[in-house]
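*Asks:* A predicted structure for the sequence below; I have some questions about it.
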Amino acid sequence: MDCPTAASGVTTAEPPPAASIPIAPAPSGAAVIPWREVRIAPRYLAGSGHDADAAMDPLTDSAGWHAWSDELANRHLTSPCGRAYLGFLPEHHPEEVGRWKAWARPHHHGARTWMAAFSDEVPYEFIAAFTADWAHGYRPDDPPFAQPDDGHRDGIEKVLTVLQLADWGRDPNTGRGQSLERWTAPDGRAGVEVRINARGSVETEILHGEPRWTIWAAPAPYRRPLWDAVFSTGTPTGLIAAFCRALTDPAPLVREDHQVPWACRDTVTRT
């Protein structure tokens, strides 16, 4: 099951159910038309792309993480030191928090010090940016690797600076001195929220829907989000900033036409 797709603090409305439209069979002898590649903008509405391997490659190829699949075809990666984990979980999993889950702990049997989860339609390029930065900073013999980020204002600004450079705007009703800070894309169809005073456990924040950071995209402003990504207190803000750089990059993403989410087909540019 995917993590909840209603981003924290975002007013949403359930979209009307799609009409059931019968599909006529293809004429006998009709030519098979190959899938057409298209460039999708804005990139955060391009859909996942269905390329889990590309999101895992930075950890397996560059950092030597161990990969295996379970009997349900879920994919799991663990760091050589055993203190970090990334899972691609399209099938049932005891902690149903998202299609993807990442976490770190201070030692083999310690409690998790931070956790992130990504829902189904998060573009794999965004997760690959997160894992590439993770792989770059990973040192198997470095104990601070799994220590939580201190969560101070400097770390928050590391993320928000990425948004400012991309001309995202801050909600004037949020900001310094308040419990929530919200930034949105110029078109209003993606946002980043940080709960300034969140100090819950990993389980409270991620497993029970009260994350410190929530990043989301929706087909239209104030609509139900297409996807969200959530990060607990303690998640290294460098990893979140890397995710946001991929999120805010103006370059379109390449998809096969059939991979574009139906809810976004009339709201994205396809070239």
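*Replies:* Received, thanks. Residues are numbered from 1 along each chain as shown.
*Asks:* Count the neighbours of the closest residue in space to residue 111 that isn't next to it in sequence for me.
*Replies:* Among residues not flanking residue 111 along the chain, residue 105 sits closest, at 6.4 Å (Cβ to Cβ, 6 or more residues apart in numbering). In this view, the C-beta of every residue, glycine as well, is placed from N, C-alpha and C. Neighbour count for residue 105, taken as other Cβ atoms under 10 Å: 19.
*Asks:* need the contact list for residue 105.
*Replies:* 83-84, 111-113, 146 (Cβ atoms under 8 Å, 6 or more residues apart in numbering).
*Asks:* where does residue 207 fall, phi/psi-wise?
*Replies:* Here is the backbone geometry of residue 207 (degrees, to the nearest 10): phi -80, psi -20.
*Asks:* where do the strands sit along the stretch 101-250 of the chain?
*Replies:* 114-118, 169-170, 180-184, 190-195, 213-217, 227-231 (DSSP state E, counting those that start in this stretch).
*Asks:* would CSV of the ones you listed with mean neighbour count, mean pLDDT and distance to residue 250 be doable?
*Replies:* Putting these into CSV (neighbours: other Cβ atoms under 10 Å; pLDDT from 0 to 100; distance: least, Cβ to Cβ, whole Å) gives the following:
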stretch, mean neighbour count, mean pLDDT, distance to residue 250
strand 114-118, 27, 94, 22
strand 169-170, 14, 94, 16
strand 180-184, 20, 94, 16
strand 190-195, 24, 96, 12
strand 213-217, 26, 97, 15
strand 227-231, 27, 96, 19
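*Asks:* okay, the ones you listed in JSON lines with distance to residue 246 next?
*Replies:* Shown next, in JSON lines, are the strands of the stretch 101-250 of the chain (distance: least, Cβ to Cβ, whole Å):
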{"stretch": "strand 114-118", "distance to residue 246": "12"}
{"stretch": "strand 169-170", "distance to residue 246": "19"}
{"stretch": "strand 180-184", "distance to residue 246": "16"}
{"stretch": "strand 190-195", "distance to residue 246": "12"}
{"stretch": "strand 213-217", "distance to residue 246": "11"}
{"stretch": "strand 227-231", "distance to residue 246": "11"}
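*Asks:* so which of those comes closest to residue 47?
*Replies:* strand 227-231 (8.7 Å; Cβ to Cβ).
*Asks:* what's the angle between that closest one and strand 114-118?
*Replies:* 180 degrees (axes from the mean of the first three to the mean of the last three Cα atoms, to 10 degrees).
*Asks:* residues in contact with strand 227-231?
*Replies:* 3-7, 48, 98, 114-122, 126, 205-206, 211-217, 239-240, 243.
*Asks:* List the strands paired with it, with their directions.
*Replies:* Using DSSP bridges, the strands paired with strand 227-231 are strand 114-118 (antiparallel), strand 213-217 (antiparallel).
*Asks:* Centre of the chain to the last one, how far?
*Replies:* The chain centroid and the centroid of strand 213-217 are separated by 8 Å under Cα atoms, centre = their mean, to the nearest Å.
*Asks:* can you check stretch 202-221 too?
*Replies:* So, by Cα atoms, centre = their mean, the centroid of stretch 202-221 is 10 Å from its chain's centroid.
*Asks:* can you tell me the distance between the two ends of it?
*Replies:* One end of stretch 202-221 sits 29 Å from the other (Cα to Cα, to the nearest Å).
*Asks:* how about that stretch: buried residues?
*Replies:* 202, 205-207, 210-220 (16 or more other Cβ atoms under 10 Å).
*Asks:* Can you tell me which of these comes closest to residue 266?
*Replies:* Checking the buried residues of stretch 202-221 one by one against residue 266 (Cβ to Cβ), the nearest turns out to be residue 219, at 8.3 Å.
*Asks:* And that closest one, how close does it get to residue 152?
*Replies:* To residue 152, residue 219 is 35 Å away according to Cβ to Cβ, to the nearest Å.
*Asks:* Repeat that for residue 188.
*Replies:* Residue 188 is 30 Å from residue 152, by Cβ to Cβ.
*Asks:* Report the beta-bridge partner residues of residue 169.
*Replies:* Counting by DSSP bridges, the residues bridging with residue 169 are residue 184.
*Asks:* List phi and psi for residue 262.
*Replies:* phi -60, psi -40.
*Asks:* For burial, what's the neighbour tally of it?
*Replies:* Neighbour number of residue 262 under other Cβ under 10 Å is 10.
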